[in-house]
Structures are given as structure tokens and as C-alpha cells.
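S.K.: no letters, just coordinates:
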């Protein structure tokens, strides 16, 4: 098998893993609280990332981290995993999984908006069109298609889901300037997030856990937080066209809706499908515009 086929295989595996997270998160939140899910999943991910560092022989890079880079890791760790997963898990807890996962996919558009004040970038007309189309999709999803009333079933859930996109977009904007090895950096982020997750876990009285609840948390920590990231990085290294590889990401939200319906038991609303199509259309407009600018 040549490198291009390997990259597609790895990318499709990653997309498949990403598509299961909304379902697993929703099911596990029926057994654990938000902070319990965050604490156990991030602890598992930390162990997984350490094993990956050993396998990839990157412990030398870890030991070479400067005091400044270590301190920076606390800031990154506060954003991801602590703040991001705290908010996205809360969104899954408050909203139907289909709504939370669709809103979560707008983070790339949120990054475009945040790049204006943070990076001083100019946004083209087509990019503004992409922003408008994406957030129109969010509005359709959040109101279940009743746009004139602007009535949200769970305003707090929608707000938390949108906040998660801001945190995730901010993390990746800042991460673009990060000089650390990606896997070493992610391991340090999870390590330095432990004081935040641990203190919040103890403060809220977390501790009780069911076997099924831990299995769900371990799945998220092992696959979504750990393995998927490394698989995607490897796929990008092997491919001759990262743009074609990135197109596979658009499969994930549709596959996710399928799993949510059959495994969680949610009835998929027509408004969710319409909203998702708008969000994906906005993301495609943004991707095409970005490629033309390059």
C-alpha cells in the first residue's frame, strides 16, 4: 500500500472515530457528571499520549522542554482539555446530541472571526458569506426551524455550545505559533491541565463511578483525545494533498447523526439536517476561498 492510500485509510479511521464522540458523550453523561467525564477521560488520554511518546521515541524532546514552554503549557492546558471539554460536555448534557455536535462543527468559522482581532487578518466577502451561512445553520438548528420566533428550547445549552467553539478556535489560533512537537505539546497540555481538572473534580465532590461510565470516559480519552489526533497527524504527513484529505472531515457530522439516531435513540429533526447542510455549505465556501487565496 502506497503512502497516499495509507493516508486516506488513516484519515477515514480518524473521521470514523470523531463521528462516534457525540454518541458516546451523550450516553456516558447519563452515567457520569460533566466533570467526572472530563477528569477520567483526560486522565486516560494523558496515559495514552505518554505511551505514544515512548513508542515514537520522543521522550528526549519532552525532557528538552524549556521552563518557559512548560509554563506556556498551563495556558494551553487550561484551554484544551480543561475549558473546551468542560463546555462541550456540558453542551452535550444540556442539548440533544444532534444539536450540540452540529453547533460544534462551526468552530472553523469562529476561528475566521477571531482571526480579525487576534491576528489582524482581513476577511474577504466570500469568507463573510461563509460566516453568515454557517450561523444561519446554527439558528435553524437551535430554533428547530422556527426562525421567526427565535425561541430556543435550551438557551443555556446553545450558549455553552457556541462558547466551546470560541475556546476551540482560540486554542488553535494560539497553537499556530506553538513551536513544540505536536504530540509532546498535547501531552504537556493534558499534564498541566490536571491541576484544573483535579481541583474542580474534588471541589464538586466527584468520585463515584460505574464500570460503564468509566468505559465511556476511557473510550473518549483513548480515541477522541489521544489516538485520533496522532492518526490525523500521521495521515497529513503521508498525503500528497492535505486539501483532499481535509474534505473527508465533512463526512463526520452526517455519520454522527446516523449513530445518534440508532444508538442514542434521538429522532433526527428535519431542522437539524437543514441546519447541518447550511453549516457544511459555509465550511465548503470557506475552504474553497482559502485555497484560492493561497
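M.R.: Cool, the structure landed. The structure displayed is predicted, hence computed values, not measured ones.

S.K.: neighbours of residue 88, how many?
M.R.: Close neighbours of residue 88, defined as other Cβ atoms under 10 Å, add up to 27. For the C-beta atoms, the positions are set from N, CA and C on the backbone; glycine is no exception.

S.K.: ah, wrong one, I meant residue 13
M.R.: Neighbour tally, residue 13, other Cβ under 10 Å: 16.

S.K.: residue contacts, residue 255?
M.R.: Counting by Cβ atoms under 8 Å, 6 or more residues apart in numbering, residue 255 makes contact with 15-16, 19.

S.K.: where does the stretch 151-294 of the chain dip in pLDDT?
M.R.: 207, 292-294 (pLDDT under 70).

S.K.: mind listing the helices for it?
M.R.: Remark: helices assigned in the stretch 151-294 of the chain by DSSP state H, counting those that start in this stretch are 155-175, 182-203, 211-219, 228-238, 242-247, 251-259, 270-293.

S.K.: need these in TSV with distance to residue 8, can you?
M.R.: Below are those laid out as TSV (distance: least, Cβ to Cβ, whole Å):
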stretch	distance to residue 8
helix 155-175	24
helix 182-203	21
helix 211-219	24
helix 228-238	8
helix 242-247	7
helix 251-259	12
helix 270-293	18
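
S.K.: out of these, which is closest to residue 133?
M.R.: Between residue 133 and the helices of the stretch 151-294 of the chain, the shortest gap by Cβ to Cβ is with helix 270-293, which sits at 3.7 Å.

S.K.: how far is stretch 123-138 from where the chain is centred?
M.R.: Put simply, stretch 123-138 sits 20 Å off its chain's centre (Cα atoms, centre = their mean, to the nearest Å).

S.K.: in it, what's buried?
M.R.: Using 16 or more other Cβ atoms under 10 Å as the test for burial, stretch 123-138 gives 127, 130-131, 133-138.

S.K.: which one of those is nearest to residue 230?
M.R.: Residue 230 has its nearest neighbour among the buried residues of stretch 123-138 in residue 134, at 28.4 Å by Cβ to Cβ.

S.K.: dump the residue contacts of the closest one.
M.R.: When contacts are counted by Cβ under 8 Å, 6+ apart, residue 134 is found next to 106, 109, 278-279, 282-283, 286.

S.K.: can you check residue 167 too?
M.R.: With contacts defined as Cβ under 8 Å, 6+ apart, the neighbours of residue 167 are 79-80, 83-84, 87.

S.K.: can I get the buried residues of stretch 123-138 in TSV including secondary structure, pLDDT and distance to residue 144?
M.R.: Converted to TSV, the buried residues of stretch 123-138 look like this (DSSP: H, G, I helix; E, B strand; the rest coil; pLDDT from 0 to 100; distance: Cβ to Cβ, whole Å):
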residue	secondary structure	pLDDT	distance to residue 144
127	helix	88	28
130	helix	92	23
131	helix	91	22
133	helix	94	19
134	helix	94	18
135	helix	92	16
136	helix	93	14
137	helix	93	13
138	helix	93	12
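
S.K.: what sits against the closest residue to residue 281 other than its chain neighbours?
M.R.: Counting by Cβ to Cβ, 6 or more residues apart in numbering, residue 133 is the residue found nearest to residue 281 once chain neighbours are left out, at 5.5 Å. By Cβ under 8 Å, 6+ apart, residue 133 lies in contact with 278-279, 281-282, 285.

S.K.: how close does residue 269 get to residue 197?
M.R.: Residue 269 is 34 Å from residue 197, where distance means Cβ to Cβ, to the nearest Å.

S.K.: re the thing from before, relative to residue 116, which of the helices of the stretch 151-294 of the chain is closest?
M.R.: Using Cβ to Cβ, the nearest of the helices of the stretch 151-294 of the chain to residue 116 is helix 155-175, at 10.8 Å.

S.K.: tell me the buried residues in that closest one?
M.R.: 157-158, 160-173, 175.

S.K.: what about that helix, distance to the chain center?
M.R.: Helix 155-175 sits 10 Å away from the centroid of its parent chain (Cα atoms, centre = their mean).

S.K.: show me where the stretch 1-150 of the chain dips below the pLDDT cut-off.
M.R.: Counting by pLDDT under 70, the stretch 1-150 of the chain shows low-confidence ranges at 148-150.

S.K.: so which residues of it form helices?
M.R.: Secondary structure of the stretch 1-150 of the chain, counting by DSSP H, counting those that start in this stretch: helices at 3-28, 34-55, 59-63, 67-77, 84-94, 97-104, 107-119, 125-142.

S.K.: for the second one, buried residues please.
M.R.: What it means is helix 34-55. The neighbour-count check on helix 34-55 (16+ other Cβ under 10 Å) flags 34-46, 48-50, 52-53 as buried.
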